[in-house]
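Participant: below is the sequence, then the predicted model.
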Amino acid sequence: MRLRILFLIGAVLLVLLSLGSAAGLFWMSTQFQSRTTSLSESIERVHSAERLALTLFILQIVQEFASIDAPPGVGPPISVDEARRRVLEQLQQIEQYSETAQQRELIASARNRVDAYLRAPAQEKLSRLREAVEATEAVSTANIERARAVRDEAKRGSEVARLIGLVLAVWIVMGAALVLAATRTRIYLPLLSIRRALAAFKSGQRESRVKQVGAPELRELAAEFNDMADTLVSQDARHVQFLAGVAHDLRTPLNALKLSAQVILRAPEPPPPEKVRESLVRISAQLDRLDRMVGDLLEQTRIEAGNLELRLEDCDLRELVADVVELHRPSSQQHQLELSVPNLPVSVRGDPTRLTQVLTNLLSNALKYSPRGGFVRVLLAQSKEEVTLSVSDEGVGIAPDEYEHIFEPFRRSKGSSAEIPGIGLGLSVSRRIVRAHGGDIEVVSQVGVGSTFRVRIPLQRPRA
């Protein structure tokens, strides 16, 4: 699971938990508000019914005082009309709180009994009053029962709310624990492993590698680190091999120079001129070899430092190729050099010195890596988009799995024998030069049959 998906799942999980918590809290607050409102209304209905009964008693008392012609200042301080008005107001107030059919029926019964009491003659007042009060008490009793039911519902709602709160709390804790566990397993521990591997590799433990665990991004990072470590270790091994090869290749011409000089110096008398000339020829050849080796090293150093400079100009590749081939033609009696070029000039925009260096490297390798001799063919061709230069030999050949490796610095074909001189820089330098001209170089080969190196250079202006 990739990091962005993991983060997305974590965010969605937290959002769902937050929404669930908010919805639960909203539901609980709504239920509590509903229960509180219902309980308050039930209590208000009970008080209204009790006030109605009390007002009925007051009305009865006022009517009795009015019937006995009590002197002024004696009896209740309200009139019969005021008492009747209060009874009607209390009755209307009770009717405002009717919710269920049972309450409406009880309230209607109470109104009928109160109306009957108000219309009853004096001799029936007390019996009608008793019926009206009983009706109001029935309303009060029903509301008390309703209030108790609401209270019980509130208790049950409170228990449900506590259960929901507990479930939400567990969900939140489990969600947070799941996110933390996933983060620790998929992100933190792999990052810690990578940091430790980097520290170990930095301290010199070149065998340190990272296990590819965790999120895909971190597994890719671990794979990149392992590849980088393998590359660095391989480069270190190649550098050691390179130093050994350089020491060996330098020792060979130096020994030849030393022997040639000692032959002349230790002779009891000056050797004949022809012997001196032979020694000087050998010395010159070894010096040329040393010069080429040092030149390759310096060239590779400049390229690695990014100091490869091209002096671009319009040049005819036919002339460059012909000059290089003619220069190498006398170098070996065992090889036959064949040259094929177009009849018309092949003009490109490039650095003649660098292009000559590339062709020289390819032609020298063709001669070196075909020790039994044979044909070396140089072919120059031009199309609408590019120029192609091919150098083919009948030498030892190269295995397909080495096609790219031989273009790396200090790498030589496994088929190279110790007698074939070189330190593995010529092809690396040549590819850099060709790519600086906007082209590329490739090889096709068969072990024991020969190799063909093909240089492609586009006709458009190259980038220096």
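Facilitator: Noted; the coordinates are in hand.
Participant: low-confidence ranges in the stretch 1-150 of the chain?
Facilitator: 1-4, 6-7, 66-77, 97-99 (pLDDT under 70).
Participant: got it, and the stretch 351-464 of the chain?
Facilitator: For the stretch 351-464 of the chain, the stretches with pLDDT under 70 are 409-424, 460-464.
Participant: which one is residue 449 nearest to, not counting chain neighbours?
Facilitator: Once flanking residues are discounted, residue 449 sits nearest to residue 397: 5.4 Å by Cβ to Cβ, 6 or more residues apart in numbering. (Each C-beta comes from the backbone N, C-alpha and C, glycine too.)
Participant: let me fix that: residue 318
Facilitator: Residue 318 sits nearest to residue 341 (Cβ to Cβ, 6+ apart), 4.8 Å away.
Participant: what are the phi and psi values for that neighbour?
Facilitator: Here is the backbone geometry of residue 341 (degrees, to the nearest 10): phi -130, psi 160.
Participant: one step back: just checking, the residue nearest to residue 449 touches residue 452?
Facilitator: No. The criterion here is Cβ atoms under 8 Å, and residue 397 misses it with residue 452 at 10.3 Å.
Participant: what residues do these two have in common as contacts?
Facilitator: Common contacts of residue 397 and residue 452 (Cβ atoms under 8 Å, 6 or more residues apart in numbering): residue 445.
Participant: and the residue nearest to residue 449, how far from residue 360?
Facilitator: 21 Å (Cβ to Cβ, to the nearest Å).
Participant: with residue 324 instead?
Facilitator: Residue 324 sits 6 Å away from residue 360, going by Cβ to Cβ.
Participant: re the thing from before, which ones are touching the residue nearest to residue 318?
Facilitator: Here residue 341 is in contact with 318, 321, 322, 380 (Cβ under 8 Å, 6+ apart).
Participant: would CSV of the residues you listed with distance to residue 458, neighbour count and secondary structure be doable?
Facilitator: Below are these laid out as CSV (distance: Cβ to Cβ, whole Å; neighbours: other Cβ atoms under 10 Å; DSSP: H, G, I helix; E, B strand; the rest coil):
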residue, distance to residue 458, neighbour count, secondary structure
318, 18, 18, helix
321, 18, 23, helix
322, 22, 15, helix
380, 15, 20, strand
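Participant: among the residues you listed, which two are most distant?
Facilitator: Across the contacts of residue 341, the longest distance by Cβ to Cβ is 9.1 Å; it joins 322 and 380.
Participant: circling back: tell me, how many residues neighbour the residue nearest to residue 449?
Facilitator: Look at residue 397: counted by other Cβ atoms under 10 Å, it has 18 neighbours.
Participant: about what we covered before: so which of residue 324 and residue 360 has more stuff around it?
Facilitator: Neighbours per residue, other Cβ under 10 Å: of residue 324 and residue 360, the larger number sits with residue 324, 23 against 18.
Participant: might one say that the more buried one is in contact with residue 358?
Facilitator: No. With contact defined as Cβ under 8 Å, residue 324 does not count as touching residue 358 (9.5 Å).
Participant: now for the two: what residues contact both?
Facilitator: By Cβ under 8 Å, 6+ apart, no residue touches both residue 324 and residue 358.
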